[in-house]
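Engineer: Got a sequence here, can you model it:
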Amino acid sequence: MTRIGRSDLDILPLSLGGNVFGWTADRDASFAVLDAFHAGGGNFIDTADAYSAWAPGNSGGESETLIGEWLASRKPENVVVATKVSQHPDFRGLSAKNVRAAAEASLSRLGVDTIDLYYAHFDDEQTPLEETVAAFADLVTDGLVRYVAVSNYTAARIREWISLAEAAGADLPVAVQPHYNLVHRTEVERDIVPVAEQYGMSLVPYYALASGFLTGKYRSADATGDSPRAEGAAKLATPAGLALIDALEEVGRAHGASIATTALAWLRAQPTVAAPIASASKVSQVADLLASASLELAPEEISRLTAVSDAAQG
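Structural biologist: Next comes the predicted model:
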């Protein structure tokens, strides 16, 4: 187990992404994935109030609703649920009024009294940051949220948030959620990791498997028409990208681990990373994700993957 930042949230170092629930995974499939994840020792679930408003027929909140129904049905112990605010069609932005209303709506869908970890999903430059910081602080004071976090914020804005929170005597963010993986590293390692190290925050990276590219599924740049996700992943199938997949496969083979497991294990080994986020729409995908939480790569293996990854940055 590991701990998120300065919080008392103890988690298996792998977060199950809830973006697929109510989208590519229906209720039965979502429950099956959640059951398998929890049975395998997983206890950290990541979602957002906007998931999955983009899917035809959805209006947002579908993922939280399914997770809430699962929690009510299974009553699992020691599960940590993270969700986010700012992108739901009915609650866009981070005004104080909006943050409060969105949090209350998330609590209702999840069927819980308190949100364990609450992220500002995307920065809202139309709202004064002082107002947003105060709104999150009020949620903590009122017991609606245990810990505050930020997602997709620049290093400068994270520092500004922290400065405002310190001045107000409010709780500081304990986690940062950036886009971070073996083919997307530069900005995070240069800008975000130093802030996280300075203030004792944990990284909880999304796109940890680069939309599936780091599973080894896409070894050709030709995925036209498969899906927008597949086309995005296939674009990474450059010579440098494929060399990285080959290196992941070779390192993983030495441990009896898959390419996906090895990619997640590399990410987990990076400074300040508490738990990569990865999604599964089928039970068969869960074991590889969970295996990453216990796979310990040797320092020379991490260095090798990092070196090969350097050429694949784009």
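
Engineer: For the rest of this, base every contact and every neighbour count on C-alpha atoms.
Structural biologist: Will do.

Engineer: Check which helix or strand Tyr119 maps to.
Structural biologist: Secondary structure from DSSP states H and E places Tyr119 in strand 115-120.

Engineer: Listing partners with orientation, what would you give for that strand?
Structural biologist: Strands that pair with strand 115-120, judged by DSSP bridges, come out as strand 80-85 (parallel), strand 145-151 (parallel).

Engineer: Quick one: closest of those to Thr47.
Structural biologist: Across these, Thr47 has its closest neighbour in strand 80-85 (4.7 Å, Cα to Cα).

Engineer: Could I get the average pLDDT for the closest one?
Structural biologist: What strand 80-85 shows for mean pLDDT is 98.

Engineer: CA atoms of it as PDB?
Structural biologist: Written as PDB, here are the backbone C-alpha positions of strand 80-85 (Å, rounded to 0.1, in the frame of the first residue of the first chain):
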ATOM      1  CA  VAL A  80     -11.100   5.400  -1.800                       C
ATOM      2  CA  VAL A  81     -13.100   7.300  -4.400                       C
ATOM      3  CA  ALA A  82     -11.800  10.300  -6.300                       C
ATOM      4  CA  THR A  83     -14.000  12.500  -8.400                       C
ATOM      5  CA  LYS A  84     -13.700  15.900 -10.200                       C
ATOM      6  CA  VAL A  85     -15.600  19.100 -10.800                       C
END
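
Engineer: following it, which helix or strand comes up?
Structural biologist: Next element after strand 80-85 (DSSP H and E): strand 87-88.

Engineer: Now render the strands paired with strand 115-120 as JSON lines, adding mean neighbour count and distance to Thr262.
Structural biologist: Output for those, formatted as JSON lines (neighbours: other Cα atoms under 10 Å; distance: least, Cα to Cα, whole Å):
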{"stretch": "strand 80-85", "mean neighbour count": "24", "distance to Thr262": "24"}
{"stretch": "strand 145-151", "mean neighbour count": "23", "distance to Thr262": "25"}
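
Engineer: can I get those in JSON lines with distance to Ser15?
Structural biologist: What follows is those, written out as JSON lines (distance: least, Cα to Cα, whole Å):
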{"stretch": "strand 80-85", "distance to Ser15": "9"}
{"stretch": "strand 145-151", "distance to Ser15": "15"}
